[in-house]
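**Student:** sharing a sequence plus its predicted fold:
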Amino acid sequence: MEFSLRFFFLFLASSLFLPPSDSCHPTDKEALLHFKLKITSDPSHLLLSWNSATDCCFSWDGVACDSSGRVTNLTRPGIVSGIDFIADTYMSGSLSPFLGNLSSLQFLDLSNLKDVSGRIPFEFGKLSRLTHLFLDSNKLMGSIPRSFGCLFRLEKLYLGNNRLSGIIPPPIFEHFKCLSELGLSGNRLSGPIPSSIGKLIQLKNLDFHANNFSGSIPRSIGKLTNLRYLDFSENELTGRIPTSIGGLSELVLLYLNQNKITGSIPSSVSGLSSLIFCRLSENQLSGRLPASVGKLAKIQRLILENNKLSGKLPSSIGRLTTLTDLFFANNRFTGKIPKTFGNLENLQTLDLSRNSLSGGIPHQLSKLQRLQSLDLSFNPLGLRSIPNWFVKMKLFRLLLAKTGIEGAFPKWLSSSSISVLDLSANRLTGPLPHWIGNMTNLSFLNLSKNGFHSTIPAEFKNLLLLMDLDLHSNHFTGCLDNIFSKGVQDPLGHFNSIDVSRNHFSGCIDENVGNRAAMSSIKSLVLSDNELEGEIPKSLSELSELHVLDAARNKLSGEIPAELGNATELTTILLSKNKLCGRIPAEVLNLQKLWKFDVSENRLCGEIPPHKTHFPASVFKHNRGLCGAPLPPCKYS
């Protein structure tokens, strides 16, 4: 909306300062009326003032003319602005080739109309005085017309968020000597990026993201020395990052993420002296990270995650004192975390997870007083314990899964303000302490795959903001009531997910579980591999957002409640290896979104109700009394 408003006010300003015009030229009026004729739906009445009986220069909205009555501006950016409102609007129809007859047109904005479809007329190539062309955010299809090569005065061209396909005609870049902004994102364009792109020497913004471009990034990209914004993300680009990229000294934003780029990051990146945002993630980059990265003096966000980068982290990164976010997760970095990282005084997010880093956490990180999120998970750090100096930090997120932590739950956490805590896959033992109730900022807690052995303390109910809980694969005992009856702090604190599987929880599931405030929004409830007894509560039917119910491998008895069929969002019901009896309710088996179902190894009986979803026979087996498809037919006496 900000983009469209900018051009709305630009048009408004241009129309205010144009000199008085003669009446609209008949050729231009005919072209505009033919455009209106091609619009099949205009529910916002954007073209209501376009009347053949009135003058297009004086009376038609969105039209401006010069002193000779020739149309110079045509703008319909999909925004209607009044004194008290700004309304988003749209049109349906197609683009008239008659618009190519507006021979004095300089500014054409038909962006954000959303439902304008069909091809871009070849005749648009006749608009030789055009400086601004905006057709983005519609449903235009077909290829970019080769005739665009005649638009040699173009300064800004945006065709993004359409359905354009085919290759970019290489010759068109030969003539765009004035082009400063080029946006083709969000289309279906394919083929290589033409090397002739290096001739667009005035280019400042270049956005090709979310297409199907393939091949290498042209080396000629280094000639675009005025470039400030470069986004080639979400394509199929291969090959290496060209060393010539280091010549882009004005570049502020570089996004090459979600491609198939290989090779190492060139040391020439040190030439990107103006770079603030860099995202090279989700590629196949390998080799060492060059020490020259430490010369990116203005960098704020450096995102290199999900590659194959290896070797030690360069200590030169410690010079990047402007850094606010550093994402290096899921690579192959080795060695120690450099002590110089403690100099990153503005750092807010540090994610080094899923690498092969070792040697502990340098105490210099305690100086990072602005750090909010620290993720070192899945590194062989050999921590044994979380350093006590962590209490001095003001962390919001702390993730240390599988880092070698041992012993009791660290007591300093009782006075922390951490909201997201993941200590899973470590060797923590002992009870879950009563003081966990002091961690009132917790919204996400993952203590799975440890050795905890205790009941859930009553103080757990004080975690009023907790929404995601994962305790699976421990030795917890007792009942689950202190989890289900946890308090909330509306609108926060309603569970999204609970996983307490593979423990030793026992007793009955609270019959009112579905009516508990904390459970009202839950999507995933995993209770499998415990020692739970009693019946499946009918109140589960009240959980209107529940997608997954897994209570397999317990000691549940009684019938499957037919009321469960009222939980219409259920996709997964797993109740195998219990002591359930009675019939399978048709209401449950025919839940519209159900695709995963297993009640094998119970004591169910009767005919399996007819059902639309194909379930294999294995999900019904080992129930002596069950019969009917997909099991053998029932034998009636």
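**Tutor:** Ah, there it is.
**Student:** helices and strands of the protein: which one bottoms out on pLDDT?
**Tutor:** Least confident helix or strand, the chain: helix 2-16 with a mean of 43, by mean pLDDT, DSSP states H and E.
**Student:** ok, then the element right after that helix?
**Tutor:** helix 26-38 (DSSP states H and E).
**Student:** avg pLDDT for that next one?
**Tutor:** Averaged across helix 26-38, pLDDT comes to 97.
**Student:** run through who's touching that helix.
**Tutor:** 47, 50, 52, 56, 60, 63, 65, 69-71, 74, 93-96, 98-104 (CB atoms under 8 Å, 6 or more residues apart in numbering). C-beta here means a position set from N, CA and C on the backbone, and glycine is covered the same way.
**Student:** buried ones among these?
**Tutor:** 47, 50, 56, 60, 63, 65, 69-71, 74, 93-96, 98-102, 104 (16 or more other CB atoms under 10 Å).
**Student:** among those residues, which lie within helices?
**Tutor:** Cys56 (DSSP state H).
**Student:** just the buried ones among the contacts of helix 26-38: which are in strands?
**Tutor:** 63, 65, 71, 74, 93-94 (DSSP state E).
**Student:** now for those residues: which two are most distant?
**Tutor:** Greatest spatial distance in those: Cys65 and Ser94, 24.6 Å, computed using CB to CB.
**Student:** dump the ones in strands among the buried ones among the contacts of helix 26-38 to a markdown table, plus distance to Ile144.
**Tutor:** Listed next are these as a markdown table, based on distance: CB to CB, whole Å:
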| residue | distance to Ile144 |
| --- | --- |
| Val63 | 26 |
| Cys65 | 29 |
| Val71 | 24 |
| Leu74 | 20 |
| Gly93 | 20 |
| Ser94 | 17 |
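**Student:** which of the residues you listed lies closest to His175?
**Tutor:** Nearest to His175 among these: Leu74, at 22.5 Å, using CB to CB.
**Student:** that closest one touches Asp61, doesn't it?
**Tutor:** No - taking contacts as CB atoms under 8 Å, Leu74 lies outside contact range of Asp61: 10.6 Å.
**Student:** check the offset of stretch 61-76 from the chain's centre.
**Tutor:** Centre-to-centre, stretch 61-76 and its host chain are 41 Å apart (CA atoms, centre = their mean, to the nearest Å).
**Student:** gap between the two ends of it?
**Tutor:** 9 Å (CA to CA, to the nearest Å).
**Student:** what's the average pLDDT for that stretch?
**Tutor:** 94.
**Student:** how about stretch 400-413?
**Tutor:** 95.
**Student:** can you give me the buried ones in that stretch?
**Tutor:** For stretch 400-413, using 16+ other CB under 10 Å, the buried residues are 400-405, 409-410, 413.
**Student:** repeat for stretch 334-353
**Tutor:** Neighbour-count burial for stretch 334-353 [16+ other CB under 10 Å]: 334, 337-338, 340-344, 347-353.
**Student:** which of these lies closest to Arg624?
**Tutor:** Ser353 (48.8 Å).
**Student:** wait, Ser94 touches Gly118, no?
**Tutor:** Yes - proximity of Ser94 to Gly118 meets the contact threshold set by CB under 8 Å, at 3.5 Å.
**Student:** residues contacting Arg70?
**Tutor:** Counting by CB under 8 Å, 6+ apart, Arg70 has contacts 25, 28, 102-104.
**Student:** out of the residues you listed, who's nearest Asn623?
**Tutor:** Using CB to CB, those come closest to Asn623 at Leu102, 75.4 Å.
**Student:** so who does the closest one touch?
**Tutor:** 28, 31-32, 70-71, 74, 108, 127.
**Student:** between those residues, which is closest to Leu323?
**Tutor:** Leu108 (41.7 Å).
**Student:** pull up the gap between that closest one and Leu130, please.
**Tutor:** 6 Å (CB to CB, to the nearest Å).
**Student:** and what of Leu347?
**Tutor:** Leu347 is 46 Å from Leu130, by CB to CB.
**Student:** repeat for Asp136
**Tutor:** Distance from Asp136 to Leu130, by CB to CB: 15 Å.
**Student:** I'd guessed Lys308 sits against Arg354; true?
**Tutor:** No - contact criterion CB under 8 Å: Lys308 and Arg354 do not qualify, at 12.0 Å.
**Student:** so if I had to pick from these two, which one is more boxed in?
**Tutor:** Legend: neighbour count by other CB atoms under 10 Å for Lys308 and Arg354, higher for Arg354 (21 against 13).
**Student:** about what we covered before: and which of the contacts of Leu102 is nearest to Arg427?
**Tutor:** Taking the contacts of Leu102 together and measuring to Arg427 by CB to CB, the closest member is Leu108, at 66.1 Å.
**Student:** hang on, the earlier thing: turn the contacts of Arg70 into TSV, including distance to Ala297.
**Tutor:** As requested, these are exported to TSV (distance: CB to CB, whole Å):
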residue	distance to Ala297
His25	55
Asp28	52
Leu102	47
Ser103	49
Ser104	47
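**Student:** which one of those is nearest to Ala567?
**Tutor:** Leu102 (59.2 Å).
**Student:** roughly how far is stretch 626-637 from the heart of the chain?
**Tutor:** On CA atoms, centre = their mean, the centre of stretch 626-637 falls 48 Å from that of its chain.
**Student:** list the contacts of that stretch.
**Tutor:** In contact with stretch 626-637 (CB under 8 Å, 6+ apart) are residues 584, 604-608, 610, 615-617, 620-621.
**Student:** for the nearest residue to Pro314 once chain neighbours are set aside, give me phi and psi.
**Tutor:** Excluding the flanking residues, the one nearest Pro314 by CB to CB, 6 or more residues apart in numbering is Ala291, at 4.4 Å. Here is the backbone geometry of Ala291 (degrees, to the nearest 10): phi -60, psi -20.
**Student:** near Ala291, how many other residues are there?
**Tutor:** 14.
**Student:** and Ser68, by the same measure?
**Tutor:** The number of residues near Ser68, taken as other CB under 10 Å, comes to 10.
**Student:** hmm, it is touching His25, no?
**Tutor:** Yes - counting by CB under 8 Å, His25 is a contact partner of Ser68 at 7.4 Å.
**Student:** give the contact list for Arg583.
**Tutor:** 559, 604-607, 609.
**Student:** gap between it and Glu559?
**Tutor:** 7 Å.
**Student:** for Leu151, same thing?
**Tutor:** 73 Å.
**Student:** now do Thr571
**Tutor:** 22 Å.
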